[in-house]
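> Next one to model:
(chains A and B)
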Amino acid sequence: MLFRTAARQAAPLRRQAFAPITRRSVTTDAASAHAENIPEEDDKPFTVRLSDESFETYELDPPPYTLETTKKELKQMYHDMVSVRRMEMAADRLYKEKKIRGFCHLSTGQEAVAVGIEHAINRKDKVITSYRCHGFALMRGGTVKSIIGELLGRREGIAYGKGGSMHMFAENFYGGNGIVGAQVPVGAGLAFAQQYNEEPNTSIVLYGDGASNQGQVFEAFNMAKLWNLPALFGCENNKYGMGTSAARSSALTEYYKRGQYIPGLKVNAMDVLATKAAVQYGKEYAISGKGPLVFEYVTYRYGGHSMSDPGTTYRSREEIQRMRSTNDPIAGLKKKMIEWGVTSEEEIKAIDKAARAYVDAEVAEAEAMAVPENNSRILFEDIYVRGSEPKWMRGRTVDETFYY
Amino acid sequence: MASPRLFRPASRLLSSRLASTPLRPAFAQSACAQSVLRARGYASESGVKEVTVRDALNEALAEELEANQKTFILGEEVAQYNGAYKVTRGLLDRFGPKRVIDTPITEAGFCGIAVGAALAGLHPICEFMTFNFAMQAIDHIINSAAKTHYMSGGIQPCNVTFRGPNGFAAGVAAQHSQDYSAWYGSIPGLKVVSPWSSEDAKGLLKAAIRDPNPVVVLENELLYGQAFPMSEAAQKSDFVLPIGKAKIERPGKDLTIVTLSRCVGQSLTAAAELKQKYGVDAEVINLRSIKPLDVETIIASLKKTGRLMVVESGYPMFGVSSEIMALAMEYGFDYLTAPAVRVTGAEVPTPYAHGLENMSFPQEDTIVGQAAKLLRV
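Residues are numbered from 1 along each chain as shown, chains lettered A, B, ... in the order given. Predicted structure coming up:
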């Protein structure tokens, strides 16, 4: 306890005038927003009032506690989250059937982060994340088929079967990085390029609570602030870095304060609406030339760290069960949509069904893809940009040397 | 700065101008002052000029920054200080702070930023004050830069250039005296070049910046102040050397000496001595590129001479010379008339004391002695 007090005191304590007097943490309630007078039309905007426990700020004015949205958008968000979860479940099954090899990190429970972010930015904004990247790859324009195809190591995979679970790329999506924390300075580099090219865009740079202690994260913070790069650093705090809880790894577990000289924002990222509101606000902040922000997306992963981790040795089954049953991002949005009359129960069932059918069909197509040919042309392609390759690359033996 | 005592006779023959650059305050010069032109030596009748490696590198950087707006340089002390070794002298004045960027002393961070900017389509030049410090950032050079194109199935190129001095300098002891040729040379996805002369330096650095892949340019601090003749063609802004092509610096028929970087100069001196003392003609091959390696030129030479000696200043175990000897056995065994030999750095963390340092790296007499032994002269 002493330690924790000391750590808090070490952080600058300038309070905003509007900050509540008592300290409190953000809620993880996925169904805490309010809306009324919902219009009939699907694309007519209306205002959602977010819970006043959605955000916590550090040296920053909080985002508005309201969000403009439409019925159509809410339905799309719901569809997206269901799709991500369904896809992750398919990956889980295929892994257990031994069709997926190696590492496979699922984001079940964390869907509101990828979906909320994507709905707050546009396709010219850039995203880079850690190895838990399937949901982001899908949101950035990858298809379920190409993502599952990649997991199966197929030629039609999003990275032609060369990257696997942790290395998926799409336009303005830069992975997928297998080295914990390495994506953070790379992400700052993406923001650097946006500033260099004078683009009115931001880079979303995600890492986990485990990675947040990497030295290079702080190096990236320093230069991002020094040069006012339009980067939105974001710690996806799912409470555990592999099996080590945040409190056992981090001297300060308030990750949104760890930018020290960078303002921070803690977000209830079990709520896709709060996530969207926060990122939308952050993007405006970043591209207005004010520089970077450090986000903390408070979230929870239902499964283990990776497929080899049952996820129950370092936390109780009750904890997982409680989050699943009371804080689930998909169930939360569903509850609100019905409560507000955005959709009927039947309609939401239909969305559910359609999303699942779409994912299942794509997964089936991926499973039906041919196993790639094992030849050296495929093996050696794309080590270098085409046309700039060396004359040859060595195989296992002199005889296997491949000539371009 | 290089110290005169380390220059061998060969370099003295090349009329080494030990440019002891006076430190000058930032922004002292007007924007139009082009240090490149000022620093050049005087022209000879044939149009060949004496240019130091430092100025050749500076010229390459200036030309590429001029030619391509996507190119910028970042690193420690590259801008206001004009470069720790003055390689980037005058670039800030000429191209401004947007394109010549001082970074904090955080190699992992700024190397990662350079890689990220490259992934986003820019063409960064990332200077390391020395490659010894790049060990802090080697994860980004290898995992973030070299592997991404392959991992993405070819959709995500990374046009970044990493450059800085590599290998030992004078009296800087173990942590500042390592040669990383073999480290980077072993990584698929990287290209690695190691210039010796001013023409090498300019042509290879320009090629590296233009190459769409991540390229590591391993310069040598002890060569920065050394002047080399530069042909008229090499003085032009369109001068580029192909990556992956070695250069025969001295043709010969009795022995092939394969070498790189500063050891090229030493090997040339040794070859001259071999000729003078024993009447043998050694062929000296300047590798220029470490990856891809020009095996063809090496084997063609081996075919002619039948004898191979590799000279480098890296560690002997698992090094560039080990690789070349293995390749010689695989591709040139039948041409060898004697076992191939190598002269390398000693397997020791570089000592500070002068005499011990000399014992740790190839000297001309080491090369001559080994060659004589190999040739049984």
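> Please identify the residues of the stretch 201-350 of chain A in proximity to chain B?
The stretch 201-350 of chain A comes close to chain B at residues A:G215, A:Q216, A:E219, A:A220, A:N222, A:M223, A:L226, as judged by C-beta under 8 Å from any C-beta of the partner chain. Glycine gets a C-beta too; all of them are placed from N, C-alpha and C.
> Nearest to chain B among those?
The nearest member of these to chain B, counting by C-beta to the nearest C-beta, is A:E219 at 2.7 Å.
> Show the contacting residues for the closest one.
Applying C-beta atoms under 8 Å, 6 or more residues apart in numbering or on different chains, one finds that A:E219 lies in contact with A:P185, B:P104, B:T106, B:A108, B:G109, B:F110, B:G112.
> Distance check, the fourth one against B:Q136.
To tie it back to what came earlier, the one meant is B:A108. Distance check for B:A108 against B:Q136: by C-beta to C-beta, to the nearest Å, it reads 5 Å.
> Compare the two and say which one has the larger neighbour count.
Using other C-beta atoms under 10 Å in any protein chain shown, the more surrounded residue of B:A108 and B:Q136 is B:A108, with 24 against 18.
> any bit of the helix or strand encompassing that one sitting next to chain A?
Using DSSP states H and E, the element containing B:A108 is helix B:107-119. Yes - on the criterion C-beta under 8 Å from any C-beta, helix B:107-119 is in touch with chain A at B:A108, B:G109, B:F110, B:C111, B:G112, B:I113, B:A114, B:V115, B:G116, B:A117, B:A118, B:L119.
> Mind listing what's buried along that helix?
B:107-119 (16 or more other C-beta atoms under 10 Å in any protein chain shown).
> any idea of the mean pLDDT in it?
Throughout helix B:107-119, pLDDT has a mean value of 98.
> Show me what it is packed up against.
The criterion is 3 or more C-beta pairs under 8 Å, 6 or more residues apart in numbering or on different chains; DSSP states H and E, and the helices and strands that helix B:107-119 contacts are helix A:183-196, helix A:215-226, strand B:71-75, strand B:123-127.
> Report the contact partners of the residue in chain A that chain B sits nearest to.
Relative to chain B, the nearest point of chain A is A:G189 (1.9 Å; C-beta to the nearest C-beta). If you count contacts by C-beta under 8 Å, 6+ apart, A:G189 has them with B:G112, B:I113, B:A114, B:V115, B:G116, B:A117, B:A118, B:L119, B:A120.
> Now it: closest residue in space, sequence neighbours ignored.
With sequence-adjacent residues excluded and distances taken as C-beta to C-beta, 6 or more residues apart in numbering or on different chains, A:G189 is closest to B:G116, at 1.9 Å.
> In terms of secondary structure, what does the longest helix anywhere in chain A contact?
If you go by DSSP state H, chain A has its longest helix at helix A:71-96. Under the contact criterion of 3+ C-beta pairs under 8 Å, 6+ apart, helix A:71-96 touches helix A:111-120, helix A:134-139, helix A:144-151, helix A:272-285, helix A:329-339, helix A:345-368.
> Serialize those to JSON lines and add fields for mean pLDDT.
Below are the helices and strands packed on helix A:71-96 laid out as JSON lines (pLDDT from 0 to 100):
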{"stretch": "helix A:111-120", "mean pLDDT": "98"}
{"stretch": "helix A:134-139", "mean pLDDT": "97"}
{"stretch": "helix A:144-151", "mean pLDDT": "97"}
{"stretch": "helix A:272-285", "mean pLDDT": "98"}
{"stretch": "helix A:329-339", "mean pLDDT": "96"}
{"stretch": "helix A:345-368", "mean pLDDT": "96"}
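> In TSV, list those helices along with mean neighbour count.
Putting those into TSV (neighbours: other C-beta atoms under 10 Å in any protein chain shown) gives the following:
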stretch	mean neighbour count
helix A:111-120	28
helix A:134-139	27
helix A:144-151	26
helix A:272-285	26
helix A:329-339	21
helix A:345-368	15
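> before we move on, the earlier item: pick out the most distant pair among the contacts of A:E219.
Maximum pairwise distance among the contacts of A:E219 (C-beta to C-beta): 12.8 Å, between B:P104 and B:G112.
> rewinding a little: could I get the helices and strands packed on helix B:107-119 as JSON lines with distance to B:L61 and mean pLDDT?
What follows is these, written out as JSON lines (distance: least, C-beta to C-beta, whole Å; pLDDT from 0 to 100):
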{"stretch": "helix A:183-196", "distance to B:L61": "17", "mean pLDDT": "98"}
{"stretch": "helix A:215-226", "distance to B:L61": "22", "mean pLDDT": "98"}
{"stretch": "strand B:71-75", "distance to B:L61": "6", "mean pLDDT": "98"}
{"stretch": "strand B:123-127", "distance to B:L61": "7", "mean pLDDT": "98"}
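> Nice, that's everything, thank you.
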